[in-house]
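Undergrad: Structure here, sequence nowhere to be found:
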């Protein structure tokens, strides 16, 4: 079974540069937790700190309540799956999976039984005597997972292990990883720059930016209620409009922008006179009869990208601001043409305003 992992005030400094700064997070035993963020934000650094490849410059890391400082990677209750998998090409599947057990001098009979159980767990029937080079990408992923689980880790660390797979296989392996985690109860700590991976697999997600942990929450909360401008712009797509708050109406703020005045949710309780940024998800924008309706905009269609179950419509406002709308292909909306004048709007419930504290991703 899994153990909890606690990072308290953890920082990692290389000279004057912080790869991670003041990270505080408590990952529950048996949880599937993902660190999500762009390249260079410190995700891999945290994984290496938890695994024991290096000690933090500041702060504490506890696994199962035990302080890990000074305890090497071989002595921690962790196992790690690297991006390149690091399988042994001259060994069979069975030999790869049982390697860690052999190094630990586990008796042969017990080792064989454990390998058989893991082959069944990861659905690799009939491949035990095959060489790794003969396997597909998905099968290699399963071997890497089985090999890591063979040593009974309480915490499994995964460093973007699906990034080299094609889209269809990656989607399949996401579901497989989640199922394996649930069956074993091992704590999974996963790092990725792919928001879909993080949102679909995780119990909770920690979004990182330049060594800082911006927000930790359940996937739906991260997407629907981001706490910073960075999280709002990095996770999912958003229409972004800057403005000034000119009024407060309970939990909502009225913002004056170059494109009109809009009501939005005000989760940070900003006050009148502050400058702020509005975020509107494309899927919450819909067609309207009049641009004068609350949160209405007069636009012109620029491009229409049909993607099967939905269409992405790029619009330009009267002020040449680009605006995006996503329409479901369910027969409920009229067929649009390019270079057509239309009116759109969004509900005050589906727009939120945040302080200008982050750097939006284009």
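TA: Looks like it arrived, so ask away. Small disclaimer: the values here were computed from a predicted structure and weren't measured.

Undergrad: Do a quick rundown of the strands in the stretch 201-350 of the chain.
TA: Using DSSP state E, counting those that start in this stretch, the strands found in the stretch 201-350 of the chain span residues 204-209, 212-217, 239-249, 252-257, 260-265, 275-280, 285-288, 296-306, 310-317, 322-328, 341-346.

Undergrad: Would you format the ones you listed as TSV with mean pLDDT included?
TA: Converted to TSV, the strands of the stretch 201-350 of the chain look like this (pLDDT from 0 to 100):
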stretch	mean pLDDT
strand 204-209	97
strand 212-217	96
strand 239-249	93
strand 252-257	95
strand 260-265	94
strand 275-280	94
strand 285-288	91
strand 296-306	91
strand 310-317	92
strand 322-328	91
strand 341-346	93
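
Undergrad: domains for this protein, by residue range?
TA: With domains defined by automatic domain parsing, the chain comprises 5-229, 231-355.

Undergrad: would JSON lines of the ones you listed with mean neighbour count be doable?
TA: For the C-beta atoms, the positions are set from N, CA and C on the backbone; glycine is no exception. Listed next are these as JSON lines, based on neighbours: other C-beta atoms under 10 Å:
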{"stretch": "domain 5-229", "mean neighbour count": "18"}
{"stretch": "domain 231-355", "mean neighbour count": "16"}
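
Undergrad: wait, residue 24 sits on residue 46?
TA: No. Counting by C-beta atoms under 8 Å, residue 24 stays clear of residue 46, with 11.8 Å between them.

Undergrad: Give me the common contacts of those two.
TA: Common neighbours of residue 24 and residue 46, using C-beta atoms under 8 Å, 6 or more residues apart in numbering, are 7, 10.

Undergrad: circling back to that earlier point, quick one: which of the strands of the stretch 201-350 of the chain is nearest residue 56?
TA: When the strands of the stretch 201-350 of the chain are compared by C-beta to C-beta, strand 212-217 sits nearest residue 56, at 13.8 Å.

Undergrad: So what touches the closest one?
TA: Strand 212-217 has contacts (C-beta under 8 Å, 6+ apart) with 21-25, 42, 204-208, 222, 225-228, 230-231, 358.

Undergrad: same thing with stretch 54-66?
TA: Here stretch 54-66 makes contact (C-beta under 8 Å, 6+ apart) with 3-13, 20, 22-23, 29, 48-50, 67-70, 76-78, 154-155.

Undergrad: residue contacts, residue 16?
TA: For residue 16, the contact set (C-beta under 8 Å, 6+ apart) is empty.

Undergrad: again, but for residue 210
TA: The neighbours of residue 210, taking C-beta under 8 Å, 6+ apart as the test, are 40-42.

Undergrad: Can you tell me which residue is spatially central in this protein?
TA: The chain has residue 198 as the residue nearest its centroid, 3.0 Å off, counting by C-alpha atoms, centre = their mean.

Undergrad: Make sure I have this right: that one is in a helix.
TA: Yes. Under DSSP: H, G, I helix; E, B strand; the rest coil, residue 198 falls within a helix.

Undergrad: any idea of the mean pLDDT for stretch 45-62?
TA: Averaging pLDDT along stretch 45-62 gives 95.

Undergrad: For this structure, which segments count as helices?
TA: For the chain, the helices defined by DSSP state H occupy 43-51, 93-103, 108-121, 137-149, 167-184, 195-201, 219-224, 229-234.

Undergrad: Switch these over to JSON lines, and while doing so, append distance to residue 323 to every line.
TA: Formatted as JSON lines, these follow (distance: least, C-beta to C-beta, whole Å):
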{"stretch": "helix 43-51", "distance to residue 323": "32"}
{"stretch": "helix 93-103", "distance to residue 323": "52"}
{"stretch": "helix 108-121", "distance to residue 323": "48"}
{"stretch": "helix 137-149", "distance to residue 323": "39"}
{"stretch": "helix 167-184", "distance to residue 323": "28"}
{"stretch": "helix 195-201", "distance to residue 323": "22"}
{"stretch": "helix 219-224", "distance to residue 323": "20"}
{"stretch": "helix 229-234", "distance to residue 323": "15"}
